[in-house]
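Engineer: just the structure for this:
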Amino acid sequence: MESTVISDNKTSMKIIISDFKQLTKVGLSLSVVFTSIAGYLLAIEDVDYFVLFLLGLGGFFMVGASNAFNQIIEKETDSIMKRTQNRPIPTGRMSVNVALVIAILFTILGIAILYSINPKTALFGAISIFLYTSVYTPLKPVTPLAVFVGAIPGAIPFMLGWVAATNNFGIEAGFLFMVQFFWQFPHFWAIGWLQYEEYKKAGFNMLPMNTKDTGAVKQIIFYTIIMILVSIAPVLKLSGAFYIYPITAVIITLLGAYMLYFGVKLHKSLENTDARKLMLSSILYITVVPIVYVVDKFLH
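Structural biologist: Numbers count the residues shown, from 1 in each chain. Okay, here's the model as predicted:
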């Protein structure tokens, strides 16, 4: 009898942890922490590991809060879509009140930790949570422009690291912001393409002009090209203290061309398989580019 209770407790504990991970999207939060840390390393001469730890922790809480608020607001639509109907709130495994407590707690902790680094870092963290939950999420059923709004909080992490290191939002942080900002369009529209029917069921407008056609892919291609140009612009030494070697620009161009290749393929085929490859190549791009930047910096 006792062993049954223990195993039941273990199972319920597993479910609680799994629900908590789903609510705060731990995987996504960690990828955001990764880009913030890359932004920090690009800005400093000597690493302050305590600040680095605070940045990672604060960034993690910030993204976790945004995701929790998002799932509270979208509990009805989450229950409609296959991809989201097993989330903790639509299934009833977690109450809205519990989720709200987690979201508020994460917001306070995130902003407080980022404030302890410097006030500007906390300000950008707060802007990110606000835009994601109060503007982007409510706009999703209204207009495809929601993706533009969502790209702003989505682009903050990279520059957040720079601001944490320097307490300054200058041209360098602006460039890091733009790289991640323009990257989001091909990335999100590839997801929007793959989930088009599901999003439509939920009433979300996630593709440009809300149509799954070559017009949408032309936009994907256009933004991918802009993203590549912005990513290699620091080679011209126009971006203050943030510049890269020509060889680094070549590597980044090749990574971008790989993404562009799938964009062009999608334009010809209009097939989900190519949209998936585009999405995966975009994840590769945003993972490798920050690493390439950091390696380049330490070779200066």
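
Engineer: residues contacting stretch 93-111, please?
Structural biologist: 15, 19-20, 23-24, 58-62, 64-65, 68-69, 71-72, 75, 88-89, 122, 125-126, 129 (C-beta atoms under 8 Å, 6 or more residues apart in numbering). Every residue, glycine included, has its C-beta placed from N, CA and C.

Engineer: quick one, phi/psi of Gly170?
Structural biologist: With angles defined as degrees, to the nearest 10, Gly170 shows backbone torsions of phi -120, psi -160.

Engineer: residues near the closest residue in space to it that isn't next to it in sequence, how many?
Structural biologist: Closest residue to Gly170 apart from its sequence neighbours, by C-beta to C-beta, 6 or more residues apart in numbering: Gly240 at 5.9 Å. Taking other C-beta atoms under 10 Å as the criterion, the count of residues near Gly240 is 14.

Engineer: next up, the contacts around Gly240.
Structural biologist: Contacts of Gly240 by C-beta under 8 Å, 6+ apart are 170-172.

Engineer: please list only the buried members of those.
Structural biologist: Neighbour-count burial (16 or more other C-beta atoms under 10 Å) applied to these gives Glu172.

Engineer: let's have the contacts of Gly240 in a markdown table, adding pLDDT and distance to Ser29.
Structural biologist: What follows is those, written out as a markdown table (pLDDT from 0 to 100; distance: C-beta to C-beta, whole Å):
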| residue | pLDDT | distance to Ser29 |
| --- | --- | --- |
| Gly170 | 92 | 27 |
| Ile171 | 94 | 28 |
| Glu172 | 95 | 25 |
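
Engineer: domain parsing for this structure?
Structural biologist: 14-169, 170-300 (automatic domain parsing).

Engineer: starting at the chain centroid, how far to the shortest one?
Structural biologist: To tie it back to what came earlier, the one meant is domain 170-300. On the basis of C-alpha atoms, centre = their mean, to the nearest Å, domain 170-300 sits 12 Å off its chain's mean C-alpha point.

Engineer: how long is that domain end to end?
Structural biologist: 21 Å (C-alpha to C-alpha, to the nearest Å).

Engineer: same deal with the longest one?
Structural biologist: Domain 14-169 has an end-to-end distance of 42 Å (C-alpha to C-alpha).

Engineer: state the helix or strand in which the most centrally placed residue in the chain lies.
Structural biologist: For the chain, the residue nearest the mean C-alpha position is Gly154 (4.6 Å; C-alpha atoms, centre = their mean). According to DSSP states H and E, Gly154 maps onto helix 146-166.

Engineer: quick one: mean pLDDT over that helix.
Structural biologist: Per-residue pLDDT over helix 146-166 has a mean of 94.

Engineer: which of the contacts of stretch 93-111 are buried?
Structural biologist: If we count by 16+ other C-beta under 10 Å, the contacts of stretch 93-111 have these buried: 19-20, 23-24, 58-62, 64-65, 68-69, 71-72, 75, 88-89, 122, 125-126, 129.

Engineer: how would you label Pro144: helix, strand or coil?
Structural biologist: What DSSP: H, G, I helix; E, B strand; the rest coil gives for Pro144 is coil.

Engineer: from Val230, how far out is the residue nearest to it when sequence neighbours are not counted?
Structural biologist: With sequence-adjacent residues excluded and distances taken as C-beta to C-beta, 6+ apart, Pro144 is closest to Asn205, at 4.5 Å. Asn205 sits 26 Å away from Val230, taking C-beta to C-beta, to the nearest Å as the criterion.

Engineer: same check, this time on Ile73
Structural biologist: Relative to Val230, and taking C-beta to C-beta, Ile73 is found at 31 Å.

Engineer: higher neighbour count, the two?
Structural biologist: Val230 (20 against 15).

Engineer: next one: phi and psi at the residue lying closest to the more buried one once chain neighbours are set aside?
Structural biologist: Once flanking residues are discounted, Val230 sits nearest to Met178: 4.8 Å by C-beta to C-beta, 6+ apart. When read as degrees, to the nearest 10, the backbone of Met178 gives phi -70, psi -40.

Engineer: wait, Met178 sits on Phe158?
Structural biologist: No - in this structure Met178 lies outside contact range of Phe158 using C-beta atoms under 8 Å: 9.3 Å.

Engineer: these two: who's more crowded?
Structural biologist: A count of neighbours by other C-beta under 10 Å puts Phe158 above the other of Met178 and Phe158, at 30 against 20.

Engineer: OK, contacts around the more buried one?
Structural biologist: Contacts for Phe158 (C-beta under 8 Å, 6+ apart) come out as 35-36, 38-39, 176-177, 179-180, 290.

Engineer: just the buried ones from these, in PyMOL syntax?
Structural biologist: Buried residues among the contacts of Phe158 (16+ other C-beta under 10 Å), as a PyMOL selection:
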select buried, resi 35+36+38+39+176+177+179+180+290
